[in-house]
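# What follows is a predicted structure for the sequence shown.
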Amino acid sequence: MDKFAARLVKSFNDKDLGTHDLDWVAKYRSDAINLVGNLGIPKLSDEDWRFTNLKDFASKDFSTFSGNEATFKKPKLPDHISSIDGFFIYTHNGILVSDSDYPFSFSKIKDSFDTPEIKETLYSQVSDKNKDFFYELSSAFIEDGIFLKVDKDIKIDKPIVIINSFDSEANLKFINSRNIFYFEDSSSAEIIEYSVSNSDNEYFWNKTTNVYVGNNSKVEHLLIENGSKSSFIFSNLKIIQERDSHFTTNSILCGGSLIRNNVHPMLNGEGCYSNILGLYLSIKEQLMDNYMFVEHLKENCGSRQLYKGLLDDSSRGVFHGRILVHEEAQQTNAYQTNRNLLLSDSAQVDTKPQLEIYADDVKCSHGATIGQIDKDALMYLQARGINKKKALAMLIRAFTDEVVEPIDSEKILDVFHNVVNDWFSRSKIMN
Amino acid sequence: MLDIINLHAEVEGKKILQGLNLKINKGEIHSIMGPNGSGKSTLASILAGKEDYEVTDGDIIYNGESILELAPDERAQQGIFLAFQYPIEIPGVSNGYFLKEALNSINEARGKPVLKPVEFGKLIKEKIKKLKMDDSFLKRSLNEGFSGGEKKRNEILQMAILDPIFSVLDETDSGLDIDALQIVADGVNSLRGPEKAFLVITHYQRLLDYIVPDFVHVLVNGKIVKSGDKGLALELESKGYSWLEG
Ligand SMILES: Nc1ncnc2c1ncn2[C@@H]1O[C@H](COP(=O)(O)OP(=O)(O)OP(=O)(O)O)[C@@H](O)[C@H]1O
Ligand SMILES: [Mg+2]
């Protein structure tokens, strides 16, 4: 066992996570920690980690964080976040600290293990042949995340805003957030997740969210990763979609020295649709590795992946877009696009499509581009009196806006534009 | 208004303009003709301030001052306009938004008040109508999917809205049908005035029936080899350029 995994196994044992009143919880965690030990930290030789070297990360000694809710102070948020008229939920260093009366229920996972939906969601991994180190790790340490549930036929009319804040107590800590968002049949909601760190803390945030979208439900999700510039963020979003459901997720990545962003929708009922959108905005030495895995399991479903990268300085981006269409999934439409703009000569991006199609009546396409700001376009705008900064902003806005085209929620659009503008005003190319 | 003095310019080490002299006064329309590759668009681009071209000698004086050090947007703000030979497509930037930003930038630089949305809407509607364009085009991306002629018309629309002082039209007539040519020419003629000047680059004397120039120049190998009045264009039409290429 490698040292990194061994340390995690030790802290699992120290915390005695393998024992629980509910047998299934004990077993679920124990099975997962065994896999953590067996798999070991991913290496470059692993096909799914070809472009992301975890050596430096793995050499660090992150100790397990034992929560301290008492130190929680509401973080300072930018206006475009704090002014959202929504249902706010706070987590602090990975631990849920809010408790409010909202038109949906939410609680710490560990306080709700007896809710059947939790077990059901965790065990209904429709297909899960490829085991992932970080996913298993999150299962082993499942405890302090959020269990959120919207009941049948309920339409939540304001965005649910989840603020994940970090402070210096998180420094050099391993923080595990395992969430379950459960949407019963015919419900709808918008979720905005925002993470923020009060200073430049170096933490290891392992965050996994299992989303269950019931029949006929509609969920729009916006994730804004704006945490500490020195943090290591491993994010896993696994979605199970049932019949005629509609799910849209949009990730905007700006924070973190290293981000691995996994999104894995499983279209598990007929007639559902999945929009998997994202924008990675990287500067300095940041590495943003996006691993998309869209799995079509049933007939008549559609999915669209659109990921765009803006890479400045000597930052790096990765896009791995995998589409798997199972034999049963006839009449599938699956599209994938990845576009990148390199804002500096030393920025770099690797993009890789991977299509596996076992049904015969399928429409599938993929495409990737890597380019730079079009000098002639810039000249054209300037030749009409628009100054260079403004012209650049217009071109970049034109590039990024495509990512929010499928989004209906005005509020989500507004937040998106503010986050992008904010990043852009700080980027090197504009300064 | 404009004085081009002994202009030498190169791109990627290739000498293109080789001692070009041209003086344009207020109220005048000049036309430049010349064989393919002689440097007409290069001259236009240099006037507009395109980066790729290096001026190795000479100067361009506009309203008494050299503009060589000015960025393209500063030149535009001072009233220089280039209707491009090949207007480029910019997906994701709508025509309407672009025109508004452009006009605001120029008004701001000239110390004029920025137009209110309603005033801007009115102005643009009026100009669109004049150029017989469709309203829906405002929502479309800048030049994206436009036909050749539509792109050229769009250049003239921009000119009409930005109201420049010195305009360069680089083969704006190429690709236009007869009706469009008339519309474009009307657009140009309505902008004429004692304080304005034009430099019209074309291969066809036909355009000059609509936009009547005061002077016609022939550019060969980066130099003006002959100047004359409108009659010169007719002469070129029948004789070609070989007699000037020496
Ligand atoms: N960016 C460039 N790199 C290399 N050569 C260039 C570049 N731009 C222009 N040239 C060359 O400079 C010369 C002049 O080009 P220019 O476009 O000015 O000609 P023109 O007179 O406008 O021709 P046309 O009538 O065909 O429009 C040509 O030989 C052209 O190939
Ligand atoms: Mg030309």
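Ah, there it is. Ligands and ions are numbered 1, 2, ... in the order given.

# All the helices of chain B, in order from the start?
All helices of chain B, identified by DSSP state H, fall at B:40-48, B:72-77, B:95-109, B:117-130, B:148-162, B:178-191, B:205-210, B:230-239.

# from what I can see A:Lys152 touches A:Asp185, true?
Yes - contact criterion CB atoms under 8 Å: A:Lys152 and A:Asp185 qualify, at 5.2 Å. Placement of C-beta: from N, CA and C, glycine included.

# between the two, which one's more packed in?
A:Asp185 (16 against 13; other CB atoms under 10 Å in any protein chain shown).

# measure the spatially closest residue to A:Val415 that is not a sequence neighbour to A:Ile259 for me?
Spatially, and ignoring its direct neighbours in sequence, A:Val415 is nearest to A:His80 (5.8 Å; CB to CB, 6 or more residues apart in numbering or on different chains). Relative to A:Ile259, A:His80 is positioned 21 Å away (CB to CB, to the nearest Å).

# With neighbour numbers in mind, choose between the two.
A:Ile259 (27 against 16).

# and the more buried one, what are its bridge partners?
A:Ile233, A:Met288 (DSSP bridges).

# Look at the closest residue to ligand 2 within the stretch 101-250 of chain A and report its pLDDT.
Closest residue of the stretch 101-250 of chain A to ligand 2, CB to the ion: A:Asn250 (43.9 Å). pLDDT recorded at A:Asn250 is 94.

# which ones are touching whichever residue of chain B sits closest to ligand 2?
The nearest approach of chain B to ligand 2 comes at B:Ser41, 3.1 Å away (CB to the ion). Counting by CB atoms under 8 Å, 6 or more residues apart in numbering or on different chains, B:Ser41 touches B:Gln85, B:Asp170, B:Glu171, B:Ile201.

# export those residues to JSON lines and tack on neighbour count and distance to ligand 2?
Converted to JSON lines, the contacts of B:Ser41 look like this (neighbours: other CB atoms under 10 Å in any protein chain shown; distance: CB to the ion, whole Å):
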{"residue": "B:Gln85", "neighbour count": "18", "distance to ligand 2": "5"}
{"residue": "B:Asp170", "neighbour count": "24", "distance to ligand 2": "6"}
{"residue": "B:Glu171", "neighbour count": "21", "distance to ligand 2": "6"}
{"residue": "B:Ile201", "neighbour count": "26", "distance to ligand 2": "7"}
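
# quick one, what contacts the closest residue to B:Gly34 other than its chain neighbours?
Nearest non-adjacent residue to B:Gly34, counting by CB to CB, 6+ apart: B:Leu219, 3.6 Å away. By CB under 8 Å, 6+ apart, the contact list for B:Leu219 reads B:Leu20, B:Ile32, B:Met33, B:Gly34, B:Ser38, B:Gly39, B:Lys40, B:Leu43, B:Val225.

# Kindly report the same for A:His92.
Contacts of A:His92 (CB under 8 Å, 6+ apart): A:Glu69, A:Thr71, A:Phe72, A:Ser165, A:Phe166, A:Asp167.

# quick one: whichever residue of the stretch 101-250 of chain A sits closest to ligand 1 and A:Pro406, what's the gap?
Nearest to ligand 1, among the residues of the stretch 101-250 of chain A, is A:Asn250, at 39.3 Å (CB to the nearest ligand atom). Between A:Asn250 and A:Pro406 the distance is 9 Å, computed by CB to CB.

# intersection of neighbour lists for the two?
Overlap of the contact sets of A:Asn250 and A:Pro406 (by CB under 8 Å, 6+ apart) consists of A:Asn275, A:Leu277.

# Which members of the contacts of A:His92 occur in strands, if any?
Members of the contacts of A:His92 lying in strands (criterion: DSSP state E): A:Ser165, A:Phe166.

# Give me the buried positions along stretch B:60-70.
B:Ile60, B:Tyr62, B:Ile67, B:Leu70 (16 or more other CB atoms under 10 Å in any protein chain shown).

# Sorry, slip of the keys, the one I care about is stretch A:37-52.
Buried residues in stretch A:37-52 (16+ other CB under 10 Å): A:Gly37, A:Leu39, A:Gly40, A:Ile41, A:Pro42, A:Asp48, A:Trp49, A:Arg50, A:Phe51, A:Thr52.

# what residues does chain B put near chain A?
B:48-51, B:71-73, B:75-77, B:81-82, B:84, B:87-88, B:90-93, B:97-98, B:101-102, B:105-106, B:109, B:141, B:158, B:162 (CB under 8 Å from any CB of the partner chain).

# which of those residues are buried?
Here, 16+ other CB under 10 Å leaves B:48-50, B:72-73, B:75-77, B:81-82, B:84, B:87, B:90, B:92-93, B:97-98, B:101-102, B:105-106, B:109, B:141, B:158, B:162 buried among the residues of chain B next to chain A.

# which parts of chain B sit against ligand 1?
Proximity of chain B to ligand 1, by CB under 6 Å from any ligand atom, involves residues B:11-12, B:14, B:16, B:34, B:36-42, B:52, B:85.

# correct me, but B:Met159 touches B:Gly79?
No - in this structure, B:Met159 is not within contact of B:Gly79 by CB under 8 Å, at 11.2 Å.

# those strands in the stretch 201-350 of chain A, which residues are they?
For the stretch 201-350 of chain A, the strands defined by DSSP state E, counting those that start in this stretch cover A:204-213, A:218-226, A:232-241, A:246-253, A:258-267, A:273-282, A:287-296, A:302-311, A:316-325, A:332-342, A:348-357.

# list the helices and strands the longest one packs on?
Pointing back at strand A:332-342 there. With contacts defined as 3 or more CB pairs under 8 Å, 6 or more residues apart in numbering or on different chains; DSSP states H and E, strand A:332-342 has these neighbours: strand A:287-296, strand A:302-311, strand A:316-325, strand A:348-357, strand A:362-372, helix A:388-401.
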